[in-house]
Each structure stands twice: as C-alpha cells, then as structure tokens.
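# Requesting a structural model of the entry that follows:
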Amino acid sequence: QKQRLALAAIMAMRPKLLLLDEPLTGLDAASVAELLEELSRLRQTGLTILFVEHRLDEVLGYADRVLVIDQGSLIDDVSVDLPTGQLTALLGPSGGGKSTLLRVVAGLEPADTGTVEIEGTPATHLPPQKRNVGFVFQHYAAFKHMSVAKNVAFGLEGLRLDAAERRRRARAALDLVGLGTEANKWPAQLSGGQRQRVGLARALAVEPGLLLMDEPFSALDAITRHTLQDELLRVWRETSASVLFVTHDLDDAAYLATRVVLLAGSPARVAHDIMIDVPRPRPRAGLASQVADLRRALEESFIGGAGI
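Prediction:
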C-alpha cells in the first residue's frame, strides 16, 4: 500500500516516462504481485516504464526487455560492529560501496553473501520496516503534495500503528528537530536545511535503534551544514541511537564521529578503523591533528594519494 501510494502521487503528475528504483525491495510475494499488476495496468495506457531491480525472477515474466549489468561485487569481506550509542562515519572513494553498504543494512538492497544483525537479531532477510532502522537520504526526498507533518508520518505507514499514534510520533519527531511550528507547511515553503530536517524527523519517527544517513549534509551551504550537524549531535545525545553516516568530508568526520571506518579497494574492504578520541563539545578549528590522521590514512589507501 505504501508503494502504491507513492506511485499514485507520481502518476498525478501525468508522466510520459516512469522511472522506478528497485520498487520491489522489501515487499512480500503478494505485495510484489499487486504492484506488478498495477504497473501492467499503467503500461496499457501507453506509459513507458524503466526500473532497476535485483529480483530478476520476478521481472522476467513482466518486462518486455531486461538489461543485465554485471559490475561484480562492490564490497567484499566487510565486517563492522557498531556498539550501541556510537556515532560512526563511513569514509571512502566515490562509487566505493558506502551507500550500498548502508542500503544493505537498511534492507533496501539484498546482500549477495554475508549477514546483517541489528541489536543482536538476524536481519538479513527482514523487510526494512522490521529492522528498527531510520534512513536519511542524501536528497530531501519530500513529497511535494503532502504537508510537513504528513511527510514525516508517511514513514510510519508500514508499522501497524493507528492514526493517532502516527500523528503523535510525527509531532514528537518534528519537535525534536526544531520544526514543531512548521508541521502544516508544504515542503516548498521550507529552506534546504529545514527540508533535510524533515528527512531526519521522518527517520526518527520510527524510533530507530540505528540511524543511517547517506551524505546528509552534502547539498547544504557551510553555515546550514554546521547548524544541522550540531542539531544531529543534540538529537544523538537525546535519543541514544547508534548512528552510521556516509561522508566525503574529512572535517565533518572529525567533528561528528566517535569512530571513522575507511573503505578502500575494488571490491571495497575496511582499510582503516580510526577512533576520534576528542572530548565533546569539539572545536571546529581545533581538529587539525585528527583531520591530518584521516588524510594520511586516505593517502595510504589510494594509489598516489588520490583521495576522495
């Protein structure tokens, strides 16, 4: 139902081409059948559909054409243990598997091999809504036709909560990120930093034990980025959630993280695992030594010190 609601929102714009990024991920067999039936109906209207999917067995009987791309493994033999309450940065080259690792942990992409455990529970085959994780995407990913409050509550649709509880959690999450007074506004009425806070609130509304963030600050200007980073640290302290975030910025990693895990190689492996032993609150201008350590680790990991 959640996927079909998102699809309905897209179709309201009357597109000629529909692009879908792994729409079947996290769905059971019955839900897959329902979604494919709906796509078949839309295709009969003359709509062109292009989608990315790992579940080849499901699409062979549906698609007119299947293009298979084999890139080999992006990541291999990566083992990372995240202690409860730790704020961990994931650093590495572009295209090096950082976002893929986050999506595998979240259940948004399947793992070819290996296992995922969350809070001591095997989660490799669990759908995303049963993993007790929140995910903040790189881009705002806000539904333009929904109010801020409804955008946040949308992430709770798969949790079998009644409407009153969904509203309560959405309101609490917006208060936590400082947007309680903006609940009835539209995303277009918010600044870039506020829209990213909506994404953070949506992830926090599920009350996750693990918060995953995929380059959440990359699209923000320096002042807004610094403000939102301080907000993240405050939320982290107040919720005690474990946080794993992807970044390309050495200064961001040194300022925010308790620990930095560096992925390198092809396929990617853990090249360095570095603790940032600096008391909080940390001075932004006083982390030169830690940034230098991270840069040296990068230069050791990439041929010619190519960096990221």
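
# from the chain's centre, how far out does the top helix by length along the chain sit?
Scanning the chain for the helix with the most residues, using DSSP state H, yields helix 222-239. Put simply, helix 222-239 sits 17 Å off its chain's centre (C-alpha atoms, centre = their mean, to the nearest Å).

# And the contacts of it?
The contact list for helix 222-239 (C-beta atoms under 8 Å, 6 or more residues apart in numbering) reads 87, 176-178, 191-193, 196-197, 200, 204, 211, 213, 216-217, 220, 243, 252, 255-256, 280, 284. C-beta coordinates here come from the backbone N, C-alpha and C atoms, glycine included.

# Got a PyMOL select line for the buried ones in these?
Buried residues among the contacts of helix 222-239 (16 or more other C-beta atoms under 10 Å), as a PyMOL selection:
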select buried, resi 87+176+177+193+196+197+200+204+211+213+216+217+220+243+252+255+256
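
# Now intersect the contacts of helix 222-239 with the strands, please.
Applying DSSP state E to the contacts of helix 222-239, the entries found in strands are 87, 211, 213, 243.

# Between which two of these is the distance greatest?
Greatest spacing in the ones in strands among the contacts of helix 222-239, by C-beta to C-beta: 87 and 213 (10.1 Å).

# any chance you could map the helices in this protein?
Using DSSP H, helices in the chain cover 2-11, 29-43, 56-59, 98-106, 148-154, 163-176, 192-204, 222-239, 250-256, 288-301.

# now the fourth one against strand 210-214, angle please.
Direction vectors for helix 98-106 and strand 210-214, defined by axes from the mean of the first three to the mean of the last three C-alpha atoms, to 10 degrees, enclose an angle of 150 degrees.

# and helix 98-106, what other elements does it pack with?
Counting contacts by 3 or more C-beta pairs under 8 Å, 6 or more residues apart in numbering; DSSP states H and E, helix 98-106 packs against strand 87-91, strand 133-136, strand 210-214, strand 242-246.

# least trustworthy helix or strand in this structure by mean pLDDT?
Least confident helix or strand of the chain, by mean pLDDT, DSSP states H and E, is helix 56-59 with a mean of 61.

# sorry, back to before: mutual contacts of residue 87 and residue 213, please.
Contact criterion C-beta under 8 Å, 6+ apart; residues bridging residue 87 and residue 213 by contacting each: 243, 245.

# For the stretch 1-150 of the chain, give me the ranges with low pLDDT.
By pLDDT under 70, the weakly predicted segments of the stretch 1-150 of the chain are 1-2, 26-29, 54-62, 66-74.

# what's the neighbour count on residue 171?
Applying other C-beta atoms under 10 Å, we find 17 residues neighbouring residue 171.

# what about residue 76, neighbour count?
Using other C-beta under 10 Å: residue 76 sits among 15 other residues.

# so what's it up against?
Neighbours of residue 76 in contact, by C-beta under 8 Å, 6+ apart: 267-269.

# if I look at the closest residue to residue 21 other than its chain neighbours, how far off is residue 33?
Among residues not flanking residue 21 along the chain, residue 52 sits closest, at 5.3 Å (C-beta to C-beta, 6 or more residues apart in numbering). Separation of residue 52 from residue 33 (C-beta to C-beta, to the nearest Å): 19 Å.

# go on, residue 128?
From residue 128 to residue 33 the distance is 19 Å (C-beta to C-beta).

# which one of those two has more residues nearby?
residue 128 (19 against 12).

# Surely the more buried one and residue 107 touch.
Yes - in this structure residue 128 lies within contact range of residue 107 using C-beta atoms under 8 Å: 3.9 Å.
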